[in-house]
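>>> after the sequence you'll find the predicted model.
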Amino acid sequence: MRSGVAVFRSDHELYHADTCEPLKRAVEQGETQLRAFARGAYPASVPLPDGVLREVRSVGYWDAPHDQAWGLDWHRNEGIEITYVSKGNVAFAVEQQEYELRAGDITITRPWQLHRVGDPDITACTLHWLILDVGVRRPNQEWRWPSWLGLSERDLGDLTVLLSRNEQPVWPGNGEVGGCFERLGELLRQGRPEESESRVRLLIGELFVALTELLRRAEPELDSSLTSTERTVRMFLSSLERRLDEPWTLDAMARACGLGRSRFSHYCQQITNSTPAEYLSYLRIRRAQELLSSRPELSVTEVALDCGFGTSQYFATAFRKHTGNSPTEYRLVTNGARPER
């Protein structure tokens, strides 16, 4: 595991929080100026000490004075991320939606939401950001805000709904949001997180108050399915094919979604029209068919293990049950061609 990198088993796979290596290299080479308080493996001009702004993963800005040959490719962060472009423009994308951010724009990405900055390179811009960990590891988990944020219970409730169920990632900012980021930048340049902790807390709280009011006025269309249990199961099932070699049991699959066996089985049946065991077996056999057709250098035993079957004997029995042929017979019949799906 990469040292200092936040790692979580979310609802559907293992995620490593991004470490922004291209940005680190650009700073080391003197192409980009960075000011940031951060912890873990995020780039920092000053690392955050233990116990200081504990829920803040990173708060900072970069200043790229000219177009540059680097960008932040598709990545995820463990917290809610708010960014603000104060100067210039830059390409931005969230889950295949592409945008051209201009000065004054803000972006909102939910915890672990896939996004990219640059296309693929960075244009001249100054970009501010805040990554705040709200304890979300699955879509249906409750958001836990820092006690020091200072918002009322009503505002925190509204803010949670507006952020967690909102599919619009880019918004025109305003003077309040921009002002908070600019004043945070002034504290970052002083480089003393212990001494400025109270002021940073106040500005982050003010930022989220301004963001709450901005979103309330905009009245965005909200999608409750983004935080639903069904979405958790659907996301897990959609990525299960990439983890077929793991020793899955019904308990393990249910646990990965934070559910009991019966609830997980219910949603799996609704989504796939199969029991969890049947769906897992279907995916494993389908993957085995692909490998037997396209990877002649692999032995039947290697295919079996790669697809999550404990023994070649069990694999052969299950494969014949699904296809009518043994793995060896199937390989001979297909003669190296991919089977029909």
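Thanks, I have the structure now.
>>> could you pull out the strands for this protein?
7-9, 14-16, 33-38, 46-47, 56-64, 72-75, 80-94, 97-102, 105-109, 115-117, 125-132, 170-172 (DSSP state E).
>>> Met235: which of these is closest?
Ranking the strands of the chain by distance to Met235, with C-beta to C-beta as the measure, places strand 14-16 first at 11.7 Å. All C-beta atoms are positioned from the backbone trio N, CA, C, and that covers glycine.
>>> burial check on Thr123, number of neighbours?
17 (other C-beta atoms under 10 Å).
>>> ignore what I typed, I meant Glu329.
Glu329, neighbours per other C-beta under 10 Å, totals 14.
>>> ok, Arg110 next?
Arg110: 24 neighbours (other C-beta under 10 Å).
>>> just Thr232 next, same as before
23.
>>> swap in the one 3 residues further on?
Look at Met235: counted by other C-beta under 10 Å, it has 17 neighbours.
>>> hmm, back to that, next, format the strands of the chain as TSV and append mean pLDDT and mean neighbour count.
Formatted as TSV, the strands of the chain follow (pLDDT from 0 to 100; neighbours: other C-beta atoms under 10 Å):
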stretch	mean pLDDT	mean neighbour count
strand 7-9	45	13
strand 14-16	47	15
strand 33-38	96	21
strand 46-47	96	16
strand 56-64	96	23
strand 72-75	90	14
strand 80-94	94	21
strand 97-102	92	14
strand 105-109	93	21
strand 115-117	93	21
strand 125-132	96	23
strand 170-172	88	16
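>>> check what pLDDT the closest residue to Arg183 other than its chain neighbours gets.
Nearest in space to Arg183, with sequence neighbours left out and distances taken as C-beta to C-beta, 6 or more residues apart in numbering, is Leu203 at 5.6 Å. With respect to pLDDT, Leu203 scores 97.
>>> residue contacts, Leu203?
Neighbour list for Leu203: Cys180, Arg183, Leu184, Leu187 [criterion: C-beta atoms under 8 Å, 6 or more residues apart in numbering].
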